[in-house]
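S.K.: Fold the following and give me the result.
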Amino acid sequence: MVAQGRHQGRYNARPFIRGLRLLKQFLQVVLSLYLALACSLASAASVVFLNPGKSTEAYWLSYAQFMQAAAKDLGMPLQVIYAERDPQRMVEQARAVLQATNPPDYLVFVNEEYAGPEILRLSKGSQVKLFAVNNTLTADQQTLIGASRERYPNWIGSLVPNDEEAGYMMASRLIERGRALQPAGEMQLLAFSGAKQTPAAQFRERGLQRALAEHPDVRLRQLVYSEWNRQRAYEQAQQLLPRHPDATLIWAANDEMAFGAMRAAEELGRVPGKDLLFSALNNSAEVLQARLDERVSVLVSGHFTAGGWAMVLLHDYDAGLDFAARGGKDRQDALFMQLDKPQSRRLLQRIQSKRYDLDFRRFSVVGHPRQRDYNFSLQPLLD
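M.R.: Here you go, the predicted model:
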């Protein structure tokens, strides 16, 4: 009888623990709904983007359009200011924004032509939060003035694409395509890089050199800096192609330079995609169509999405969900992808419609408290 009484008096904790787990899950759902509601009811955070490109430049226009699509979905007022490829003008624009009577909540900038440190210095004493995209401060610059959230605490982070990998992908695939045409013997390559003082150009060039180191049978005859400009690449190619008539591979760090070199080649009777293979990088309708037509043999794209993804990070940060806890304050995401023909066709449809139909709210952690990272990429636009 005593033993029986002891057995009956035992307490089974399992239902209680299960109940606590259900309660915890319920509270997480309530909290996420509360954050989403609070975010929608609060005054929306305003953003200014200092666009370093030209207002007529296909790449930077598409960059701004993707960013504006994100801003619309997230309910964030966004103003885009174009520097027209003038670094000093960009610095003056930053000064005007940071010293305005009613400044924005966030300023998104690019370390184009190494202008980042000066923009950060101008932010001293301001309440505006700064975020770097595409080109963040170089390692040398950060050694001098500190990383994000250090000497300049209002510089809250950065998001950059994998530019070195992009340069490597272009070169590796270009060499592979070249070997299909020339199975043996030395192949010769000409390279058209961007602005020498732009980190993106430096990283893409580093990727090119890594690929060349893996293929000692490919000889880099000459690398020139074409400043991302079609006309400059055209004029340089007019000199380079006759000087190196045996070159069969053209590596270009963006589409504009590829098309400049292509024009010079065609004027010399060369046939792009046949006896002269081109790689290119970007997402303009022109280059996507050229990939479909095989005039461009290798195409890499994706970094135009960085600004849109940055809007998601700022949206969450403003809601009290710091992106630093989900992937770090300074991100390098695998935004670049090599595009085959079906993917180029799909992206071309997206670009031409100027409608992305992504609903950027689904990439936010607001309402998704279990999300541990963002994992931004080009893939959603190819689905």
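S.K.: Okay, and residue 279 sits in which element?
M.R.: Using DSSP states H and E, residue 279 sits in strand 277-281.
S.K.: Just list the residues touching residue 284, thanks.
M.R.: Applying CB atoms under 8 Å, 6 or more residues apart in numbering, we find residue 284 in contact with 58-59, 62, 255, 351. Where C-beta positions appear, they are placed from N, C-alpha and C, glycine not excepted.
S.K.: ugh, wrong one, I meant residue 187
M.R.: Shown in contact with residue 187 (CB under 8 Å, 6+ apart): 175, 178-179, 217-219, 248-249.
S.K.: Would you mind identifying the next helix or strand past the helix or strand encompassing residue 119?
M.R.: In the assignment (DSSP H and E), residue 119 maps to helix 116-122. Under the assignment DSSP H and E, the closest C-terminal helix or strand after helix 116-122 is strand 129-133.
S.K.: Would you mind checking the average pLDDT for the helix or strand just after the strand holding residue 279?
M.R.: Following strand 277-281 in sequence order, the next helix or strand is helix 285-292 (DSSP H and E). Per-residue pLDDT over helix 285-292 has a mean of 98.
S.K.: just the angle between helix 285-292 and strand 277-281, please?
M.R.: Between helix 285-292 and strand 277-281, the angle comes out at 140 degrees (axes from the mean of the first three to the mean of the last three CA atoms, to 10 degrees).
S.K.: what comes up buried for helix 285-292?
M.R.: Within helix 285-292, the residues scored as buried using 16 or more other CB atoms under 10 Å are 286-288, 290-292.
S.K.: Likewise for stretch 192-199?
M.R.: For stretch 192-199, the neighbour count (16+ other CB under 10 Å) marks 192-195, 198-199 as buried.
S.K.: ok, back up a step: out of the contacts of residue 284, which is most surrounded?
M.R.: In terms of neighbours by other CB atoms under 10 Å, the contacts of residue 284 top out with residue 255 at 27 neighbours.
S.K.: correct me, but that residue touches residue 282?
M.R.: Yes - contact between residue 255 and residue 282 holds when scored by CB atoms under 8 Å: they sit 3.9 Å apart.
S.K.: Quickly list what's touching both of the two.
M.R.: What both residue 255 and residue 282 touch, as defined by CB under 8 Å, 6+ apart, is the set residue 59.
S.K.: ok, back up a step: who touches the strand holding residue 279?
M.R.: If you take CB under 8 Å, 6+ apart as the criterion, strand 277-281 is touched by 166, 170-171, 173-174, 177-178, 181, 204, 248-255, 258-259, 261-262, 272, 287, 290-291, 295-301, 336.
S.K.: what's the average pLDDT for it?
M.R.: Averaged over strand 277-281, pLDDT sits at 98.
S.K.: Restricted to helices, list the contacts of strand 277-281.
M.R.: 166, 170-171, 173-174, 177-178, 181, 204, 255, 258-259, 261-262, 287, 290-291 (DSSP state H).
S.K.: Where does the prediction get shaky in the chain?
M.R.: For the chain, residues meeting the criterion pLDDT under 70 lie at 1-43.
S.K.: And the strands in it?
M.R.: Here the chain has its strands, by DSSP state E, at 47-51, 78-82, 106-109, 129-133, 155-161, 187-193, 218-225, 247-252, 277-281, 298-301, 330-333, 337-338.
S.K.: Switch those over to JSON lines; also include distance to residue 356.
M.R.: Formatted as JSON lines, the strands of the chain follow (distance: least, CB to CB, whole Å):
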{"stretch": "strand 47-51", "distance to residue 356": "17"}
{"stretch": "strand 78-82", "distance to residue 356": "15"}
{"stretch": "strand 106-109", "distance to residue 356": "18"}
{"stretch": "strand 129-133", "distance to residue 356": "17"}
{"stretch": "strand 155-161", "distance to residue 356": "18"}
{"stretch": "strand 187-193", "distance to residue 356": "30"}
{"stretch": "strand 218-225", "distance to residue 356": "33"}
{"stretch": "strand 247-252", "distance to residue 356": "26"}
{"stretch": "strand 277-281", "distance to residue 356": "20"}
{"stretch": "strand 298-301", "distance to residue 356": "14"}
{"stretch": "strand 330-333", "distance to residue 356": "17"}
{"stretch": "strand 337-338", "distance to residue 356": "16"}
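S.K.: Look at the nearest residue to residue 214 once chain neighbours are set aside and say how many residues are nearby.
M.R.: Excluding the flanking residues, the one nearest residue 214 by CB to CB, 6 or more residues apart in numbering is residue 172, at 7.5 Å. Residue 172 has 20 neighbouring residues, counting by other CB under 10 Å.
S.K.: if I pick residue 172, what's in contact with it?
M.R.: Counted by CB under 8 Å, 6+ apart, residue 172 has contacts 211, 214-215.
S.K.: which ones are touching residue 322?
M.R.: By CB under 8 Å, 6+ apart, the contact set of residue 322 is residue 316.
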